[in-house]
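1. A predicted structure for the sequence below; I have some questions about it.
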Amino acid sequence: MRRSADGMVKRKVIRFDEDKCDGCGQCVPACTEGAIRIIDGKARLISDRFCDGLGECLGHCPQGAISMEERESEPFDEEAVAAHRSQPASHPAPGCGCPSAQPIDLSGATGVSETCPTISRSTPGVLRHWPVQLHLVPPTAPFLRGADLLICATCVPVAMADFHARLLAGRTVVIACPKLDDQTGYLEKLTAIFAGAGLNSVTVARMSVPCCGGLLRLVHEARKLAGSTLPIAEVVIGHNGHITEMNTDTCLPDQTPCPERT
């Protein structure tokens, strides 16, 4: 690789088509270098020197907005990447842009919204992290380590009036819809989480409708693929928002029954 007098080199770097990008953020956790950020609703490369040119993010854009281009750029800098990744998460205030898939610790957040300083919370929230949508949560997110994980069907927080107090408090949450979302992607993501996050407990919260039972089956399959023996509790919510069932998992044959979660 030949370097010019100003230190630039000709190499492959990712390129975003802003007309195609819808700001979904699925490319953000796919970049292990942290070179991508959602700014003003669009995915952007924050520095050429953070991009290694391998294109790991290419297959994660549902709109096909990411491509590789060969051009003059700063050389890839591993030390700069390490320093960048060690910095605490930050998000731009101008325009109140959505941080999308950027992992954020909200455990100490009260009062003013971190994303948009002009918006204040009326009451302290119990949500301890961001993002919450399973497609956007990287399996390596720090908030998953040793977590009491709540895997929640999308409709549950809307139907259940006391969701925050009864289910969310003290737990790390990911949200998914087993009927409308890509179950293949979810299976891979959950398997990686079960295999590497060292979870403390898992609770599945779902609606009582038949299609929602697919979420529990998906979680059990992911646990099996990951080789995990962690018990899985289930909470079923009726249309009226009341809990209709609370089921504890049965551990493997060589283990004692799992204690019920209250």
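-> Nice, thanks for sending it over. Residues are numbered from 1 along each chain as shown.

2. and the strands in the stretch 101-250 of the chain?
-> Taking DSSP state E, counting those that start in this stretch as the criterion, the stretch 101-250 of the chain carries its strands at 104-105, 129-130, 148-153, 172-176, 201-207, 232-237, 243-247.

3. which of those comes out lowest on mean pLDDT?
-> Within the strands of the stretch 101-250 of the chain, confidence is poorest for strand 104-105, with a mean of 68 (mean pLDDT).

4. sorry, back to before: now the strands of the stretch 101-250 of the chain in TSV, with mean neighbour count and distance to Val137?
-> (Each C-beta comes from the backbone N, C-alpha and C, glycine too.) Formatted as TSV, the entries for the strands of the stretch 101-250 of the chain read as follows, by neighbours: other Cβ atoms under 10 Å; distance: least, Cβ to Cβ, whole Å:
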stretch	mean neighbour count	distance to Val137
strand 104-105	17	11
strand 129-130	22	9
strand 148-153	23	10
strand 172-176	24	5
strand 201-207	23	14
strand 232-237	21	18
strand 243-247	13	25
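
5. would TSV of those with distance to Lys189 be doable?
-> What follows is these, written out as TSV (distance: least, Cβ to Cβ, whole Å):
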stretch	distance to Lys189
strand 104-105	18
strand 129-130	16
strand 148-153	11
strand 172-176	8
strand 201-207	14
strand 232-237	16
strand 243-247	23
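
6. for Ala65, which of those is the nearest?
-> Between Ala65 and the strands of the stretch 101-250 of the chain, the tightest spacing by Cβ to Cβ is seen for strand 129-130, at 22.6 Å.

7. count the neighbours of the closest residue to Arg223 other than its chain neighbours for me.
-> Leaving out its chain neighbours, the residue that sits closest to Arg223 by Cβ to Cβ, 6 or more residues apart in numbering is Phe194, at 5.3 Å. Neighbour count for Phe194, taken as other Cβ atoms under 10 Å: 23.

8. from Val81, how far out is Phe194?
-> 28 Å (Cβ to Cβ, to the nearest Å).

9. check Ile46 too.
-> Computed as Cβ to Cβ, the Ile46 to Val81 distance reads 11 Å.

10. ok, Ala159 next?
-> Ala159 sits 43 Å away from Val81 when distances are taken as Cβ to Cβ.

11. what residues go with each domain of the chain?
-> Following the assignment in automatic domain parsing, the chain carries domains at 9-85, 103-247.

12. returning to that earlier point: of all the strands of the stretch 101-250 of the chain, which lies closest to Cys51?
-> Ranking the strands of the stretch 101-250 of the chain by proximity to Cys51 (Cβ to Cβ) places strand 104-105 first, at 22.5 Å.

13. low-confidence ranges in the stretch 51-200 of the chain?
-> With pLDDT under 70 as the threshold, the stretch 51-200 of the chain has low-confidence stretches at 87-103, 105-125.

14. unless I'm mixing things up, Val13 is touching Leu54, no?
-> No - taking Cβ atoms under 8 Å as the contact criterion, Val13 and Leu54 are not neighbours in contact, 10.7 Å apart.

15. and those two? which has more neighbours close in?
-> Under the criterion of other Cβ under 10 Å, the comparison of Val13 against Leu54 puts Val13 first, with 22 against 14.

16. now for Ile46 and Val81: what residues contact both?
-> Common neighbours of Ile46 and Val81 (criterion: Cβ atoms under 8 Å, 6 or more residues apart in numbering): Ala35.
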